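Peer 1: take a look and give me a structure for this.
(one chain, ligands or ions: 1)
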Amino acid sequence: MSVPGRRPRPSTDPAGPLDERLVDALGRLARAERAHARRMANGLGLSVLQTHVLEELADGPVPVGRLAAVLGVRQPTVSDAVEALVRKGLVERRAGTDGRSRLVALRPSGRRLVPTLGAVAAARRRAVRGCEPRVQAGALEVVLRSIAELWRAGAIGIARTCVTCRHFEAGPGRGRPRCALLGEALPPARWRLDCPDHEAAA
Ligand code: SF4
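Peer 2: Numbering: from 1, shown residues only. The predicted structure follows:
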């Protein structure tokens, strides 16, 4: 698909430059997933953010602050979404094991929605598992570098990935990345999406 304002670059491949096709494909995927998420949320009488909250709770209770970090929105915004879900009987608030932290957990009616909400993730999982590990590592590098660019541009909040971490060293010619904290080589196949040792790069 041609993008307005962008001059096509010459390519020996009749399909067009590989990098441009990849950028276009990622954009098309994001638009398709956004449209699907809106349709599904409307059909369930929920907001898109509320459906994301339900998906994040599928593996167990999560503190509100953690939900905000994972979903890339401010804590008051997530709290409003959680309150709406509590009123709809889909989630409940619970005390954490330390008695102080507050967790959000699915109620049975919320859990029944999880398979419907997870249809896109299941399709993504099938596609990824159909690719060889070296292809998966290349795709992971593209996606994490894209997340890092959005983070640097201030378009998203916390991103606890290797590429945004001050311990990440790209290596000579960006060819041999390593983690200075762990003292280990860090090829893209090992890049973390949510590392507990992450410290944001300056
Ligand atoms: S501390 Fe974690 S996020 Fe940072 S470079 Fe090392 S492994 Fe990656």
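Peer 1: the closest residue to Cys131 other than its chain neighbours sits in which helix or strand?
Peer 2: In space, and not counting its chain neighbours, Cys131 is closest to Ala139: 7.2 Å by C-beta to C-beta, 6 or more residues apart in numbering. No exception for glycine: its C-beta is placed from N, CA and C like everyone else's. In the assignment (DSSP states H and E), Ala139 maps to helix 133-152.
Peer 1: for that helix, packing partners?
Peer 2: Packed against helix 133-152 by the contact rule (3 or more C-beta pairs under 8 Å, 6 or more residues apart in numbering; DSSP states H and E) you find helix 18-44.
Peer 1: list the buried residues in the lowest-mean-pLDDT helix or strand in the chain.
Peer 2: Ranked by mean pLDDT, DSSP states H and E, the helix or strand of the chain with the weakest confidence is helix 64-71, at a mean of 87. If you call a residue buried by 16 or more other C-beta atoms under 10 Å, then helix 64-71 has these buried ones: Val64, Arg66, Leu67, Ala68, Ala69, Val70, Leu71.
Peer 1: could you do stretch 88-95 as well?
Peer 2: Across stretch 88-95, burial judged by 16+ other C-beta under 10 Å covers Leu90, Val91.
Peer 1: what does it contact?
Peer 2: Stretch 88-95 is contacted from outside by 45-46, 53-54, 57, 61, 82, 85-86, 101-107, 109-110, 113, using C-beta atoms under 8 Å, 6 or more residues apart in numbering.
Peer 1: swap in stretch 77-84?
Peer 2: Applying C-beta under 8 Å, 6+ apart, the contact partners of stretch 77-84 are Ser47, Leu49, Gln50, Val53, Val64, Leu67, Ala68, Leu71, Val91, Arg93, Val104.
Peer 1: can you confirm Ala105 is in a strand?
Peer 2: Yes: counting by DSSP: H, G, I helix; E, B strand; the rest coil, Ala105 is found in a strand.
Peer 1: ok, now how distant is it from Asp80?
Peer 2: Note on Ala105: its distance to Asp80, by C-beta to C-beta, to the nearest Å, is 18 Å.
Peer 1: cool, and Arg190?
Peer 2: Counting by C-beta to C-beta - Arg190 and Asp80 are separated by 37 Å.
Peer 1: also Gly154?
Peer 2: For Gly154, the distance to Asp80 - C-beta to C-beta - is 22 Å.
Peer 1: between the two, point out the one with more neighbours.
Peer 2: Asp80 (15 against 7; other C-beta atoms under 10 Å).
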